[in-house]
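In: any chance you could fold what I've pasted below:
(one chain, ligands or ions: 1)
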Amino acid sequence: MKVDIISIFPDYFAPLELSLIGKARTTGVLQLAVHDLRTWTHDVHRTVDDSPYGGGPGMVMRPEPWGEALDAVAAPGATLVVPSPVGRPFTQADAYELAACEHLVFACGRYEGIDQRVIDDAADRMPVREVSLGDYVLFGGEVAVIVIMEAITRLLPGVLGNADSLTEESHAAGLLEAPVYTKPASWRDRAVPDVLRSGDHGRIARWRRTESLLRTAARRPDLFAAYPPENLDAKDRKA
Ligand SMILES: Nc1ccccc1-c1cnco1
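Out: Modelled structure (predicted):
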């Protein structure tokens with residue numbers, strides 16, 4: 001997978017050289033390049049923003065540098081991903097869809113946002129996805145790109161040692177994961193649930209399923225709306 005990131009703060013992406021993302025880049029599973037938007041400015045001050053038409057607070061990112069940057073970076077077949085507070089909520093399903101793309105270009109907006117014509121112009125020649133990580137306000141899209149890149153990269157072939165992790169984790173099956181435990185069997189007078197030490201794998205699977213359903217019902221009942229009813233099998237109803 002090829003990924004290009006365009007930002008006025010390219011140094012923000014040093015974390016993408018670490019750990020499993022760094023390994024994915026070393027092995028070639030992920031080809032990632034970070035570009036400074038100011039490369040495509042032509043004035044002595046390398047200006048990327050200007051005051052908003054219609055007035056209002058803050059500054060808006062100018063269209064010209066973005067237009068030239070996307071012309072240079074977004075080759076045919078690329079998908080443009082724009083983290084934005086007005087985007088669609090980013091979900092694990094989106095992570096799977098983006099992980100299947102050959103080429104992603106991330107546009108990191110700052111200030112009050114990017115001139116809308118940049119998005120509209122790009123949408124004339126490539127898929128554009130404006131994504132939100134949640135209902136809160138960030139300084140810019142950079143940290144959102146790091147989060148999205150982690151969600152995507154761990155889905156790429158060979159990145160996670162144990163592919164089973166992908167099926168068991170929260171949101172993979174559409175529900176929250178059951179609680180997890182490791183040694184010691186007792187810690188600060190708190191014991192690990194006996195069932196997990198029983199060796200009875202059928203009983204353990206049923207316990208985990210029940211805990212997953214209870215946790216989801218308590219914390220994220222909204223997830224059941226998107227959860228196919230056929231997945232809530234008869235055994236669950238007994239649980
Ligand atoms: N607040 C922001 C400002 C700039 C770019 C993205 C965001 C964002 C993304 N998800 C929530 O907020």
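In: please count neighbours and contacts with C-alpha atoms only from this point.
Out: OK.
In: which parts of this structure sit against the ligand?
Out: Within the chain, the positions near the ligand by C-alpha under 6 Å from any ligand atom are 83-85, 109-110, 132-141, 144.
In: distance-wise, check Ile229 relative to Leu223.
Out: Slight slip there: residue 229 is Pro, not Ile. In this view, Pro229 and Leu223 are 12 Å apart by C-alpha to C-alpha, to the nearest Å.
In: who's more crowded, the two?
Out: Set Pro229 next to Leu223 and count neighbours by other C-alpha atoms under 10 Å: Leu223 wins out with 14 against 9.
In: surely that one touches Ser212?
Out: No - applying C-alpha atoms under 8 Å as the test, Leu223 and Ser212 come out as separate, 11.7 Å apart.
In: and for those two, which residues touch both?
Out: Contact with both Leu223 and Ser212 is made by residues Leu175, according to C-alpha atoms under 8 Å, 6 or more residues apart in numbering.
In: can you list the strands that the longest strand along the chain pairs with?
Out: Across the chain, the longest stretch assigned as strand under DSSP state E is strand 79-89. Sheet partners assigned to strand 79-89 using DSSP bridges are listed as strand 103-107 (parallel), strand 128-132 (parallel).
In: tell me the most buried of those?
Out: Greatest average neighbour count among the strands paired with strand 79-89 goes to strand 103-107 (a mean of 24), per mean count of other C-alpha atoms under 10 Å.
In: show me what counts as buried in the helix or strand following it.
Out: Using DSSP states H and E, the helix or strand that follows strand 103-107 in sequence is helix 116-123. If you call a residue buried by 16 or more other C-alpha atoms under 10 Å, then helix 116-123 has these buried ones: Val118, Ile119, Ala122.
In: ok, now stretch 207-219?
Out: Those buried within stretch 207-219 under the rule 16+ other C-alpha under 10 Å are Trp207, Arg208, Arg209, Thr210, Glu211, Ser212, Leu213, Leu214, Arg215, Thr216.
In: ok, so of the residues you listed, who is nearest the ligand?
Out: Set against the ligand, the nearest of the buried residues of stretch 207-219 by C-alpha to the nearest ligand atom is Thr216 (23.3 Å).
In: what about the residue nearest to the closest one when sequence neighbours are not counted, distance to Ala226?
Out: Sequence neighbours aside, Leu176 is the residue nearest to Thr216 in space, at 5.3 Å (criterion: C-alpha to C-alpha, 6 or more residues apart in numbering). Distance of Leu176 to Ala226, given as C-alpha to C-alpha: 13 Å.
In: more neighbours, the two?
Out: Applying other C-alpha under 10 Å to Leu176 and Ala226 shows that Leu176 carries more neighbours, namely 22 against 9.
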